[in-house]
Each structure stands twice: as C-alpha cells, then as structure tokens.
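Participant: Provide a 3D model corresponding to the input given below.
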Amino acid sequence: MSVERDRPWMMRTYSGHSTAAASNELYRTNLARGQTGLSIAFDLPTQTGYDPDSEMARGEVGKVGVPVAHLGHMRTLLDGIPPGQMNTSMTINAPASWLLALYVANAEEQGVASSDLRGTTQNDIVKEYLSRGTYIFPPAPSRRLIVDMVAWCAEHAPSWNPMNVCSYHLQEAGATPVQEIAYAMATAIDVLDAVRDSGQVAPDRFGQVFGSISFFVNAGIRFVEEICKLRAMTAMWDRIGLDRYGVEDPKARRFRYGVQVNSLGLTEAQPENNVQRIVLEMLGVSLSKRARARSVQLPAWNEALGLPTPWDQQWSLRMQQVLAFETDLLEYGDLFDGSHVVEAKTAELEAAAQAELDDVLAMGGAFEAVETLKSRLVASMAERTRRIESGDQTVVGVNDFTDTAESPLGGSKSILTVDPAVGDEMIADVSAWRSSRDQAAVDAALVELQRVAGSDENVMPATIALARAGGTTGEWGQVMREAFGEFRGPTGVGGTSGGATGALAHVAARMRSRPNGPVRLLVAKPGLDGHSNGAEQIAVAARDAGMEVIYSGIRLTLDQIVASARDEDPDVIGLSILSGSHLELVPDLIGKLRAEGIDTPVIVGGIIPEADRGRLEAAGVAAIYTPKDYELAEIMSDIADIADGSG
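Facilitator: Numbering: from 1, shown residues only. Here you go, the predicted structure:
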C-alpha cells in the first residue's frame, strides 16, 4: 500500500566563486546531482557595489562568491539554466535592486517576462548593519530602495520574493533565539510599514505584498529549541499579518522561510564532527511539519577551513536527499502537536520574543534602533565566548574531547583555492566590456538613474534600463553613493564589558603594573570583509584585560590603517580577515607601515589555511590566530608578550 508523502523542500547549496563561467559549471553540476534551486553567492566587491578594477576590490575578487559586474556576467552565470523554470536565491543586499535588474534583463533577452520569474533577493540591510557588514548606504535611503523593490515586484514580478528577512546572520553574530525572532520580526514590520505608507501599493494588494516577504533563518545545534523557535515564529508572523495588517488570507500569512544551518558552530578543530552537527541542525527545521523550511541549504563540513570543493557540497546535498527520500519523515503530520514540552517551550520563546519586539518597536523600529541592537548582539556573543572559554558550554573537539586520531579526510588540503590571477582576469574583462558597449546609451541611463535617485520615483525602472544599456555594478554603486551617501555602522563594542575574570584578570593586573602603561591595541579590518564577530570579541576582551583599544569598525583601506597606526601609536596592530584576501592585503599593509617608519608588530586572525602561515610569517607577521584559538585570555597574554618584545 503506497503512502502519500509531502513534497520535499527545495534543496540548495550556497555557491559561487572565481568567475561567472566557473560558477555556471558548478551550478549545472549541482543541478545534475539533484539540487532543485540555485543559491548564488556573490563576491564582496559585487556585494558592496564595486567593479573588479576598483582599488577597494583589490584581493577580494572572486574569493567568497562570484563577481557579477555587468549583464554579460549574468548571461554567463546562468547559461543553460532557463530563468522561467529555475527558482533562484541571490544573497545580495545593498545592491539588491541592481542584481535583480541584471537578472530581469537577462531573462528578457531570452523572452522570459519578469512576471514569470521565481526566486528571492535577500535584501535585508538591517542585519548587514548588525552582523554581516555588506551595507553601503544609511538606513533611510536603504529602506527606500527595499520599498521600491517590493512595490515594483508586486506589480511586475509577483512570484518573486523581493525581501528575505535574514535572521541567519543574527545568530551567527551571537543572537539568542529570542533576539533572532524579535529582530527579524522588527525588520519585517519596519519595511512593511514603509511600503504601506509609501502609497506605491494599493490597499487591496497589500495582502500579496505581505505574502511575498520571506525569511531566512538559522538552525543551531540545540535542535529542540530550534524547533520551538520556528513554531513560535510561525505563530507570531500569522498574528502580525492578521492583527497589524489585516491580511485575511491564511495562505498569505504563512511563515515562509529558507534556512542554512549554523556555520558559527562549525569547528576548525576535528572538522569531521561538523558532519553530525549539520545533520542534527537540519532536523531542527524539518521535523515539525507546521514549521518546516521551504528551502534548505547546508554548509559543507570543512567551511571553517576554507572554500569547500564540489565534492564537499555534494556531500551536504546528499544529507538532504537521504532525509527527504530514504526516511519516512514526509509521510506524517506534525510530530510535535500535543507535546507538552514543545508547546511549553514554544510559548516561552514567543512571549519573550514579543516582549523584545515590543521594546524594539518602542525605540522607533529596527532601522532606528540599529546601534542598540548591535550592542546587544556583541554582548550576547561575548557571553557565548565566555561560556566556551570557561567550559560551561561544551564544544566537542575544541574545549573537551580534544584527543583525536589523524583525519583521513584531507583537512585544509581538500579546500578549494581561488587562482590569484582571477583578479587580473576580471579587471581585463570589465575594461573590455566598457570599451565594447554603447557608451552614449550608458551615459544617458546613468543620468536618468541619478535623476530618479534624487526624486521620489521608484528606482527600479531606471536601474533595469542601466542594466540593459550595459552599465556596471560600480557605476550603479557610484551614482547611488553620490545620491545617498555612505554609512559607517556601529561597532557595538563601546557599551559591552564582561569585566576581567579568571585568567583575563591576570592580564589586567599585568596591564596595571606595566611601566609604560597598558598595551595599546589597534584592531583593524582591512578589505571588504564585513564579518566582524572575531574583531569585536578581541576588542572586548582586550578592553576587559585592561588594554587600550582602538577599533573603528569594518572595511578600512590600507592607507586608513596606516594613518591610524601613525596617529594612535599602538603597541600591537591586530588584523582580522575572513575573506581569503590575507595573502594580498597583509604583506601590502606591512610594506606600507614600514615605508612610513612604523615598526609596530602585526598579528593576524581569521580563516588562515595552514599552508599560508609561512608566507605571512615571512612577510613579518608576529602571530596568527584561527577559529580554533578560542581562549581569549591566552591571546591577550600573547599580545602583552608581543608588545613587550618577548612574544
């Protein structure tokens, strides 16, 4: 007797690297292996509105995703992948309207109307301010761009999700389940209120707009709590739709979310343990039918070491396929309805999240409360770090059960590396693109975009016109920067302090008795990498250890770091780089420092493959720290030794 099974969720892998051609080959391979949707990772220059030949893009091109600078790249990226049939997720935020414009223009060339497109642009700028760092513009114009996209899609691309409220990165930045729920809901409310108040969407179409807002969540290792978190979010979103916006259609009020399971918990030490972590975290978003993810993408087991290979991504895809097609999970209704434990925990999370949400709304909403929310997340991450360092929170292979046999999986030798020549190749590519296009048409489109950006008109038509004419990501970004200005997000470090306890207290005592005063530590993030958790936790720990800390946030140029080192006269300079650009940026920075007569010791933290250590040390790096170095007191003691010349 056959059993009727639910349809599986959409299966994705988050991928993209090097070039559009290389990424297209990867996408077609993954689709052939059973992946059912695309999830495009863009490189940092694309995410921050720069072309490959910008000075800001140096060392970053193709490293953490695919560079897409113009319509030609979008054509190559999606070659052989029918736009009218594929459901495509694009992790893009500040330039989301530009990448959607390129996607629309590419589809039009193939005779596919925008109304036939299905997919999602992440487009959640609040979480960029709070956790991920690829913002460009201040809050108000950023919200305007999101509102314009939502309104345009409501009319021209009704099957497209113009915004994917992304609580995933909030958890990566230390958010508790309560904070993850509340801050995501606050962001969605802020945008929906702005759409409603803009007058661009008729009231009778607002239910459609509400239904087009999707979410992208995180699933951590505490999978019972994660199940309850998703059930709480499902109930809250339904209530918000009905009570706040009067959405009558229950289908439009469904909490629709995709998920990538937790990357924060992936460990460099004993990385094979990440396999079971990923599987267990997947259960948190699949076991409860009423709160089941609509799409799932899983990280690879070795992402804490570097860029995974296609085989590693295949392994993660096979995890999903085994759960969906071999087990009996999809043959049953919700497994937890009526569970006293799950219902009680869900109610507890919902009540606490509602209180936190009410607090954010009382502060004026998510866009107004960015600085406060950032401080709260930094404090939550500091508490998580403290628990791991003290042993209150066990991480297998890191702070307990550390004895291990040598892994046969290859470790850092099995990660994918991006050819350094890709940067030069893409610079030549964009130069050739500019020389072959109709420059008069591009100039006219840029002038029109500039005019519209300065008006209250919807920016999408002018943005699409620029994409069609052959404009570039950097040209779009420059017009928008001139119209809206740039934003420096809060660091969240200033109001956070756990105080010096345990081994950290010994470092603090050393600082108080140091003849030349406490160590002055300059913490800096060069390049476009916006993942600032590590830098923030080092800054917090150093301050708690009695050091004087200079930290001005993310995305600093090398010249800005040199100027800060010259003006602040630090004893040690600490660089944080997680984007893979360390071999280009660190030696260049040390060269610039020495050229200015600054011989301050430089230390580096981030995802640094073992094979790169020697080259960094040869360039003059005094110490290197990676995610396995979790004992902050030990790092602080090392910094003190380096400052005193004994490290």
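Participant: element containing Ile181?
Facilitator: Using DSSP states H and E, Ile181 sits within helix 177-198.
Participant: Tell me the first helix or strand C-terminal of that helix.
Facilitator: Following helix 177-198 in sequence, per DSSP H and E, is helix 206-212.
Participant: helices or strands up against that following helix?
Facilitator: helix 139-156, helix 177-198 (3 or more Cβ pairs under 8 Å, 6 or more residues apart in numbering; DSSP states H and E). For the C-beta atoms, the positions are set from N, CA and C on the backbone; glycine is no exception.
Participant: Can you add mean neighbour count, mean pLDDT and distance to Leu264 and give these back as a markdown table?
Facilitator: Shown next, in a markdown table, are the helices and strands packed on helix 206-212 (neighbours: other Cβ atoms under 10 Å; pLDDT from 0 to 100; distance: least, Cβ to Cβ, whole Å):
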| stretch | mean neighbour count | mean pLDDT | distance to Leu264 |
| --- | --- | --- | --- |
| helix 139-156 | 21 | 98 | 25 |
| helix 177-198 | 23 | 98 | 12 |
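Participant: closest to Glu425 out of those?
Facilitator: Across the helices and strands packed on helix 206-212, the minimum distance to Glu425, taken as Cβ to Cβ, is reached by helix 139-156, at 30.7 Å.
Participant: and the closest one, what other elements does it pack with?
Facilitator: helix 96-109, helix 125-127, strand 163-166, helix 177-198, helix 206-212, helix 460-469, helix 473-484.
Participant: how about the residue nearest to Leu99 when sequence neighbours are not counted, what does it touch?
Facilitator: Excluding its sequence neighbours, the residue lying closest to Leu99 (Cβ to Cβ, 6 or more residues apart in numbering) is Ile92, at 4.6 Å. Neighbouring residues of Ile92 by Cβ atoms under 8 Å, 6 or more residues apart in numbering: 40, 42, 46-47, 99, 121-123.
Participant: what about 6 Å?
Facilitator: Neighbouring residues of Ile92 by Cβ atoms under 6 Å, 6 or more residues apart in numbering: 42, 99, 121.
Participant: With respect to Ala465, which of those is nearest?
Facilitator: Checking the contacts of Ile92 against Ala465 with Cβ to Cβ, the nearest one is Leu99 at 15.3 Å.
Participant: Can you show me the strands along the stretch 201-350 of the chain?
Facilitator: Assigned by DSSP state E, counting those that start in this stretch, the stretch 201-350 of the chain shows strands spanning 213-219, 257-261, 295-297.
Participant: thinking again about what came up before, make a markdown table out of the helices and strands packed on helix 206-212 and add distance to Asp424.
Facilitator: As requested, the helices and strands packed on helix 206-212 are exported to a markdown table (distance: least, Cβ to Cβ, whole Å):
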| stretch | distance to Asp424 |
| --- | --- |
| helix 139-156 | 32 |
| helix 177-198 | 39 |
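Participant: coming back round to it: distance check, the residue nearest to Leu99 against Trp9.
Facilitator: According to Cβ to Cβ, to the nearest Å, Ile92 stands 22 Å off from Trp9.
Participant: about what we covered before: just send the helices and strands packed on helix 139-156 back as CSV, with distance to Ile538 too.
Facilitator: Shown next, in CSV, are the helices and strands packed on helix 139-156 (distance: least, Cβ to Cβ, whole Å):
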stretch, distance to Ile538
helix 96-109, 31
helix 125-127, 22
strand 163-166, 25
helix 177-198, 22
helix 206-212, 40
helix 460-469, 39
helix 473-484, 30
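Participant: Out of these, flag the one nearest Gln320.
Facilitator: The minimum distance between Gln320 and those falls on strand 163-166, with 19.4 Å, by Cβ to Cβ.
Participant: For the closest one, name the packing helices and strands.
Facilitator: helix 177-198, strand 213-219 (3 or more Cβ pairs under 6 Å, 6 or more residues apart in numbering; DSSP states H and E).
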